Structure formats: structure tokens, C-alpha cells
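A.B. asks: Pasted the sequence and its predicted model underneath.
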Amino acid sequence: MTRPLFTPVSVKVLKALPELAEIRREWEIWPGNRDSDMDSFLTFLGSNLGTVRPHVVVVYRAGRPDAILVGRIDLSYIACRLGYLRLNLPAKILCFVYGALRGNASEENCALIVSSVLQSLAEGEADVAYMNFLKQDSDIYRLVTQKPTLLCRDYIRLVQPHFAATLPTSAEEFYRSLSSGARWQAKSKQRKLIRDFAGDVRVRCFREVAELEMMMQDLEQVAKKSYQRGLGVGFSDGPVLRSQLRLKAERGWLRGYILYVNGRPSAFWVGDVNGGTFGSDYLAFDADLGKYSPGMFLLYKVIEGFCECSGEMVTAVDFATGHAQYKQLLSNQVWSEASVYIYAPSLKGIGLNLIRTLVVGVDQTVKRALARTNLLRKAKKAWRDHMRPREAVHVDA
């Protein structure tokens, strides 16, 4: 029997919803992050007013899907920050979601996918492509940083640590994994909170569709007074978020943990369960109770429950991308990720690259100078205090 010398390979961009249905079977089989789950992606497409259409790059081998890169085209803007000041540059963006690459992530498949993205930009389908936090040791990261021409390449890549933790099989073992100082502080503040409020301290987990409205109201009670709200980040009630949370509740993924002290919502931790991993999305606490560290109280209690099973079978926590003190304390895994832009070979695309490079470059230079003089943390704290209203609430970071 004669075997073929090579497997036929082709690349196609799916731009319409009926086309996506054709690859549902493979898409659902391939593991990946919840953001690139097919139904999560479709839910976002249907609720985000700025989305024009899907843009899913598919590599076919022998006529069957072998890998995909999940994206969409948005009428949006590139956000450039100078400190906490923000400049929004309007653009048509080819946006690839977090964990966009599913299936066979071989170097050859990644090269085919990146070439397709570059071709779409050259044909004027978007002003810029955005790759949402790629692992720095991945083939696709290397390719998207090296294949674009010099004028279209991203020179200001924002690198962030990604924290995660594999959990032990008991709460006792979890606490033993902490430093002695952290362990003592955790137990001390837990006892103090329970003692000072006469035991009126409880944690409730929201996961059902019928519970969504109550959960959203209680989350808002905490989030509305946070400095993050002033900056336009963090938890914010809206149709896109509600549709996403509803889907998670319908699928049994949602976990919304809220700490109540004296009957008042005082901290929350919201995420989802995916393949035995709890993925963290939103975390905040009531600053009026700051001396008790209610955010950490909630984190510890939820993780205790995971370690002792409590019917969850969660064996790991993904604390997501971004630096925070609590992530360093609780994580036993960390890797580097970076978001990458690829600019279209057009006047607008190259102009966007120039402006963003200048603004973000100045921002990073100033931050490095402040860090060397130990003023960066003081500057951040001063700005957050300025943005935080009275009776503030802020993320436990």
C-alpha cells in the first residue's frame, strides 16, 4: 500500500456564525481556557455591542480541523496608560481572546496561523491585531514578535506574571505550606474577626441562575465604592458580564463566594470551575474592615473548602495574570505572559504603533525610575487613595 508523502494542509478564516458550527465538535473536545470555550465566545459575540464579527483561524489537516485561534473583530480602541491617566486610540481591532489557541499547537500550525493574521491585516480587515497574554516560552509568542515587519512590530510588550497554585489534600497541609508569619497572621485575623463580630461571619457560594440577581446586588454593594470603579476596571455590572455569568451558572461553572459580616456583604471572590481548576476573575473587600483582612479571610476559607473537597473536587487555583501580594503568598507556580500587538502595514496602523510606543515607553521609563527610588509603591497608593471614595472598598492586592 502506498502512503501519501505529505498530509494536505490548508488554512481558513471563519467569519460567520454558521461556519463556526461546522467545527463545534473539535472545538469542544480540545481543552483550553474558559474565555476561548465556544459557548463563552458565542455569548460574548452576542452581547458585546462593539463586535463586528467572529474571526476564527482554522488549520485543517487532511480536511479536518487541527488547530484554531479564536478571535473577533471589534470597533474599539487601544488603551495607552501614562501612570493612571489613560489615552484611548480608536481602532478596528482583530482581537484574539485569552487562551485563543486550541488544538495542536505545533510550531508549523502556529506559523500558518500567524501568517494568516498578517495577511488579514495586509488586506485591511483591521488596523491592529491583539494577542491577549501569550506565554513567553510558546511558539506563537516567538512568531508574533518576530514575523511582522519592523514598522508593524510591537516594541512595547507588557509582561506580567501569571500565578497559580496546586492544592494539597487537606487544609492543614495548605497552611503548613505558608510561611510561619503568614500562617500566624491568617489564624490571628480570622479569630479576631469572628470574635469581634460575635460569630456573625459567614461565607455563601452562589452558583445557580436563580441566585444571580441577589449575587449581583451584593457584589455591587462592595464594588461600587472601590477605587477600581473610578479607574473603570474590576467588577462592573452590565449586559456583557451578566450574559457571561448566566452562561457559567447554566453550565454549572459559576462560583461566586461572598463574605458576610453582621449580615453585610464585606468581600467577594468570583470565578469559575474548569477541569478541576478554580479560575479567579474578581476579588474585592470592604476597606472599613481592613484591619481584619476580610479579603484574605475569604480566600483562606474558600481554599480550605477546596482542600477538604466539600463536594467541589477543585485541585488547583488559577489566580490569573497580574502582580499582587496575595498571589505571591498563595501561589506555588508562576510563569511570564505578555500581550502583543501586530499593526497593519497601513498609515493608520503604523501611526497607532508610533503613538502607543511613545506613550507606553514614557510610562515604563517613569515606573522604572520610581521603582529604583522606592517611590513606585507610594505613588500607586497615593493615586488609589485619591480615586477611592469615602467608606472605600478595594481589591485585596
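C.D. replies: Now that the structure is in, tell me what you want to look at. Numbering: from 1, shown residues only.

A.B. asks: Just say helix, strand or coil for Pro65.
C.D. replies: strand (DSSP: H, G, I helix; E, B strand; the rest coil).

A.B. asks: Pairing partners for it in the sheet, please.
C.D. replies: Using DSSP bridges, the bridge partners assigned to Pro65 are Tyr60.

A.B. asks: Tell me how far it lies from Val144.
C.D. replies: Counting by C-beta to C-beta, to the nearest Å, the gap from Pro65 to Val144 is 21 Å. Using the backbone N, CA and C atoms, a C-beta is placed for each residue, glycine as well.

A.B. asks: out of these two, which sits in the busier spot?
C.D. replies: When Pro65 and Val144 are compared for neighbours, Val144 comes out ahead with 26 against 21, by other C-beta atoms under 10 Å.

A.B. asks: three-state assignment of that one?
C.D. replies: With three-state DSSP as the basis, the three-state label of Val144 is helix.

A.B. asks: Please report the distance of the closest residue to it other than its chain neighbours from Gln146.
C.D. replies: For Val144, ignoring the flanking residues on the chain, the nearest one in space by C-beta to C-beta, 6 or more residues apart in numbering is Val340 at 5.0 Å. Noted for Val340: a distance of 11 Å to Gln146, by C-beta to C-beta.

A.B. asks: Looking at these two, which is more packed in?
C.D. replies: Ranked by neighbour count (other C-beta under 10 Å), Val340 and Gln146 place Val340 first, with 23 against 9.

A.B. asks: what about that one, which SS state?
C.D. replies: Local secondary structure at Val340 is given as strand here, using three-state DSSP.

A.B. asks: Could you point out which residue ranges in the stretch 51-200 of the chain have low pLDDT?
C.D. replies: Low-confidence segments of the stretch 51-200 of the chain (pLDDT under 70): none present.

A.B. asks: ok, which stretches of it are helices?
C.D. replies: Listed in chain order, the helices of the stretch 51-200 of the chain (DSSP state H, counting those that start in this stretch) span 107-122, 139-146, 171-176, 180-196.

A.B. asks: Specify the angle between the second one and helix 107-122 in degrees.
C.D. replies: The one in question is helix 139-146. Between helix 139-146 and helix 107-122, the angle formed by their directions is 40 degrees, by axes from the mean of the first three to the mean of the last three C-alpha atoms, to 10 degrees.

A.B. asks: On the three-state scheme, the spatially closest residue to Ala182 that is not a sequence neighbour is what?
C.D. replies: Spatially, and ignoring its direct neighbours in sequence, Ala182 is nearest to Leu329 (5.8 Å; C-beta to C-beta, 6+ apart). Local secondary structure at Leu329 is given as helix here, using three-state DSSP.

A.B. asks: For the stretch 251-397 of the chain, give me the ranges with low pLDDT.
C.D. replies: Across the stretch 251-397 of the chain, the ranges flagged by pLDDT under 70 are 310-311, 374-397.

A.B. asks: Distance check, the nearest residue to Cys205 once chain neighbours are set aside against Val97.
C.D. replies: The shortest distance from Cys205 to any residue that is not its chain neighbour, by C-beta to C-beta, 6+ apart, is 5.4 Å, and that residue is Tyr257. Counting by C-beta to C-beta, the separation of Tyr257 from Val97 is 25 Å.

A.B. asks: what do you get for Ile140?
C.D. replies: The value you get for Ile140 to Val97, if C-beta to C-beta is used, is 13 Å.

A.B. asks: same question, Val203
C.D. replies: The spacing between Val203 and Val97, counted by C-beta to C-beta, is 31 Å.

A.B. asks: Between these two, tell me which one has more neighbours.
C.D. replies: Using other C-beta under 10 Å as the criterion, Val203 and Val97 rank with Val97 on top: 23 against 17.

A.B. asks: Phi and psi next, for the nearest residue to the more buried one once chain neighbours are set aside.
C.D. replies: Nearest in space to Val97, with sequence neighbours left out and distances taken as C-beta to C-beta, 6+ apart, is Asp35 at 4.6 Å. Per-residue torsions, Asp35: phi -60, psi -30 (degrees, to the nearest 10).

A.B. asks: ranges for the strands of this protein?
C.D. replies: Listed from the start of the chain, the chain has strands (DSSP state E) covering 9-14, 51-54, 56-61, 64-82, 85-103, 128-135, 158-166, 201-206, 254-261, 264-274, 277-286, 316-321, 333-343, 393-394.

A.B. asks: re earlier: could you tell me how many residues sit around the residue nearest to Ala182?
C.D. replies: Counted with other C-beta under 10 Å, the neighbours of Leu329 add up to 16.
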